[in-house]
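>>> how would this look folded up:
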Amino acid sequence: MSDARPGLGQRLIDLTAAFFEAKLCLRPGKVSVLEEDEGFLVLVVEGFLSRAEATLVEDPRRRRALTEYYGRVLDQLSPLLRVVLSEVGDRALIDCRAIPDLSRDECRYLLRLAPGDSHRPVPPSASSSPRLERGRGRERKSS
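Okay, here's the model as predicted:
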């Protein structure tokens with residue numbers, strides 16, 4: 001993320017990881033922030049399925065049902081992202097789409113942002129590789 005906004009990328013990563021832990025009681029393997037261009041960010045969450053769910057997604061019917069479930073649950077992150085982007089990043093969230101790909105054990109959040117202050121833009125990425133990421137264990141959180 002930009003040096004002009006230290007902490008935004010890490011806040012998005014921390015918020016996303018905490019959301020997955022709270023909603024699913026499972027720590028994601030990795031959370032990354034990709035910068036596509038000035039008005040578009042991608043959050044990638046990998047390794048959040050339990051072993052049982054990973055087995056279920058092998059059957060297309062069960063994968064479809066599990067994808068529908070995760071689609072509803074994972075959309076609940078959007079309002080939280082909106083707050084962080086507004087408070088820390090000085091950007092308004094125009095649209096957020098959660099796209100779970102359970103066969104790959106990942107979810108991508110596509111965030112479309114309104115232009116921010118001219119002195120705090122999100123720069124385009126030099127490459128498509130993650131700039132910030134947080135790797136976490138796949139251990140199940142105890143309740």
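>>> so how far is residue 36 from the closest residue to residue 24 other than its chain neighbours?
Nearest residue to residue 24, sequence neighbours excluded (Cβ to Cβ, 6 or more residues apart in numbering): residue 48, at 6.2 Å. The C-beta positions use only the backbone N, C-alpha and C, and glycine is treated the same way. Noted for residue 48: a distance of 22 Å to residue 36, by Cβ to Cβ, to the nearest Å.
>>> next: residue 96.
Taking Cβ to Cβ, one finds residue 96 at 14 Å from residue 36.
>>> so which of these two has more stuff around it?
Neighbour count, other Cβ atoms under 10 Å: between residue 96 and residue 36, residue 96 has more, with 20 against 15.
>>> for that one, pull up the helix or strand it's in.
Assigned by DSSP states H and E, residue 96 belongs to strand 93-101.
>>> cool, and residue 19?
helix 8-24.
>>> chain center to that helix: distance?
When distances are taken as Cα atoms, centre = their mean, to the nearest Å, helix 8-24 is centred 8 Å away from the chain's centroid.
>>> now stretch 100-112
With Cα atoms, centre = their mean as the basis, stretch 100-112 stands 8 Å off its chain's centre.
>>> can you give me the mean pLDDT across that stretch?
Average pLDDT, stretch 100-112: 94.
>>> which element is the residue most central in space within the chain on?
Centroid-nearest residue in the chain: residue 43, 3.6 Å away (criterion: Cα atoms, centre = their mean). Assigned by DSSP H and E, residue 43 belongs to strand 40-46.
>>> and the nearest residue to residue 103 once chain neighbours are set aside, what are its phi and psi?
Leaving aside its sequence neighbours, residue 103 sits nearest to residue 57 (Cβ to Cβ, 6+ apart; 5.8 Å). Phi and psi for residue 57, reported as degrees, to the nearest 10, are phi -70, psi -10.
>>> residue 66 is in contact with residue 57, correct?
Yes: at 6.0 Å, residue 57 and residue 66 qualify as touching, with contact defined as Cβ atoms under 8 Å.
>>> mutual contacts of the two, please.
residue 102 (Cβ atoms under 8 Å, 6 or more residues apart in numbering).
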